[in-house]
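>>> Give me the fold of what follows.
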Amino acid sequence: MPKLHSNLPRERFLTLPDHGATSSARRRVGVEIEFAGLDVAQAAGVIQQHWGGETERAHSREMHVRGSALGTIKVELDIALKRQWTEDLAEQVLGDLIPVEVITEPLPQTALPLAAAMAAQLRSAGAMGTREKLAYGFGIHFNVELPEDDGAALIATARAYGLCEDWLRAADPLDPARRVLPFVAPWPRAFVAALAEGVDWSLHDLARACTALAPSRHYGLDLLPALQHLCPDELTGVHPDHLKGGRPVFHYRLPETRLGEAGWSLAYEWNRWCVVEYVATDPALLARLSQDWAMFNGPLSLLSGAWAEHVAEVIWSSSLTQRMGLETMA
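Numbering: from 1, shown residues only. Reported below is the predicted structural model:
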């Protein structure tokens, strides 16, 4: 496990792999960054200072920076309750435990270093990440545009994520404050087992399995936006509170905001996602991990971390390291 994890680039953003004949070169990604230490107006001011544009107040807790070098950027207090008075009360009681969130529009992959620079500027202005106070639990979300295919890439990537999730979590464990929050729960084992067996699944099979076994948006990878976009009729069994609108994206919310922490970077978190997509584009590797899952899917193997170690070893010894440009760093 340490070899794969330690050799992921921290300063260089990997590019998404092609899925079969479908190029990923033009796929875009939206970035969401949660933090404390700055209020909405202060954060919007920092962005305008460095990236230009005009600030516009949309709400008492939301501002937009329009026309910046990164397009339109939304800055908001990340609280969305059903009534105004409950939001006001929560803000008063919880204070800076409610994060400010910066949300970019979909960006070309080549613009990700600019998003990283924006995060560094916010940090310099006083933004604080998850590990700076005991009760903080802030995250980074990537909204990664789906490949333009018939859903095969979504199915393969869902299978790859399910099989790799233990490695993602074991290689860099979540902060305790974030683990207790409901937003980044691991996928249920029954769902992962179904994915491992779903070699010939259709998009509708994936949606039905998600509805039956993982009908929530509160996972490290939230599949519901993509499924609601592609096959909404299959999600009638999902509670409406978990259906926030269809979007053609992988909503990946496992990464943590660790602004200013040595060894951490936005590129590092992005590259961990890229590993998942590279696994998804290697049918032989995905088949091997799917077959191996049955041997490791027991309480002792999971508790000991044996499956996470196995995933890291299999990936590191595969041709993916060359495709991702990692073996030259070993």
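
>>> Could you use CA atoms for every contact and neighbour count after this?
Fine.

>>> quick one: H251 and L227 touch, right?
No: H251 is not in contact with L227 according to CA atoms under 8 Å; the separation is 11.0 Å.

>>> Compare these two and say which one has the larger neighbour count.
Shown here are H251 and L227; by other CA atoms under 10 Å, L227 has more neighbours (28 against 24).

>>> Could you measure from that one over to A267?
To A267, L227 is 27 Å away according to CA to CA, to the nearest Å.

>>> ditto for G325
14 Å.

>>> quick one: which of those two has more around it?
A267 (20 against 13).

>>> Contacts only, for that one.
Counting by CA atoms under 8 Å, 6 or more residues apart in numbering, A267 touches 9-14, 112-113, 116.

>>> do that again at 10 Å, thanks
Shown in contact with A267 (CA atoms under 10 Å, 6 or more residues apart in numbering): 8-14, 112-113, 115-116, 273.

>>> repeat for V192
Applying CA under 10 Å, 6+ apart, the residues near V192 are 158-165, 186, 198, 209, 213-214, 290, 293, 297.

>>> which among the residues you listed end up buried?
158-165, 186, 198, 209, 213-214, 290, 293 (16 or more other CA atoms under 10 Å).

>>> Which member of these is positioned nearest G129?
P186 (21.9 Å; CA to CA).

>>> Assess the claim that that closest one and D166 are in contact.
Yes: using CA atoms under 10 Å, P186 makes contact with D166 at a distance of 8.4 Å.

>>> so where is the stretch 51-200 of the chain shaky, pLDDT-wise?
By pLDDT under 70, the low-scoring segments of the stretch 51-200 of the chain are 79-97.

>>> Show me the helices in it, by range?
84-94, 112-124, 152-171, 176-179, 189-197 (DSSP state H, counting those that start in this stretch).

>>> In JSON lines: those, plus distance to F138.
As requested, these are exported to JSON lines (distance: least, CA to CA, whole Å):
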{"stretch": "helix 84-94", "distance to F138": "14"}
{"stretch": "helix 112-124", "distance to F138": "13"}
{"stretch": "helix 152-171", "distance to F138": "16"}
{"stretch": "helix 176-179", "distance to F138": "7"}
{"stretch": "helix 189-197", "distance to F138": "25"}
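
>>> any idea which of the ones you listed is most buried?
helix 152-171 (a mean of 22; mean count of other CA atoms under 10 Å).

>>> so A69 touches Q48, yeah?
Yes: A69 lies in contact with Q48 (CA under 10 Å); the separation is 9.3 Å.

>>> Relative to V29, which of the helices of the stretch 51-200 of the chain is closest?
Going by CA to CA, the one of those nearest V29 is helix 112-124, 8.3 Å.

>>> Show me what that closest one is packed up against.
strand 28-35, helix 40-51, strand 100-104, helix 266-280 (3 or more CA pairs under 10 Å, 6 or more residues apart in numbering; DSSP states H and E).

>>> Let me know the secondary structure of the nearest residue to A267 once chain neighbours are set aside.
If the residues on either side of it in the chain are set aside, A267 comes closest to F13, at 5.0 Å by CA to CA, 6 or more residues apart in numbering. Following DSSP: H, G, I helix; E, B strand; the rest coil, the label given to F13 is coil.

>>> okay but V184 is in contact with E165, surely?
No: judged on CA under 10 Å, V184 makes no contact with E165 at a distance of 11.4 Å.

>>> where do the contact lists of those two overlap?
With CA under 10 Å, 6+ apart as the test, V184 and E165 both reach 220-221, 254.

>>> ok, so of those, who is nearest P99?
L254 (16.0 Å).

>>> correct me, but that closest one touches P182?
No: shown here, L254 and P182 do not form a contact pair, counting by CA under 10 Å, at 11.7 Å.

>>> Neighbour count for those two, which is higher?
Each of L254 and P182 has its neighbours counted (other CA under 10 Å); L254 has more, 25 against 11.

>>> re the thing from before, just so I know, which of the helices and strands packed on helix 112-124 lies nearest V144?
Using CA to CA, the nearest of the helices and strands packed on helix 112-124 to V144 is strand 28-35, at 4.5 Å.

>>> what about dumping the CA coordinates of that closest one to CSV?
The C-alpha coordinates for strand 28-35 follow below in CSV (Å, rounded to 0.1, in the frame of the first residue of the first chain):
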residue,chain,number,x,y,z
ARG,A,28,-14.3,19.0,-17.3
VAL,A,29,-14.4,19.1,-13.6
GLY,A,30,-16.0,21.3,-11.0
VAL,A,31,-14.2,21.8,-7.7
GLU,A,32,-15.8,22.6,-4.3
ILE,A,33,-13.6,23.5,-1.4
GLU,A,34,-14.9,23.8,2.2
PHE,A,35,-13.0,25.7,4.9
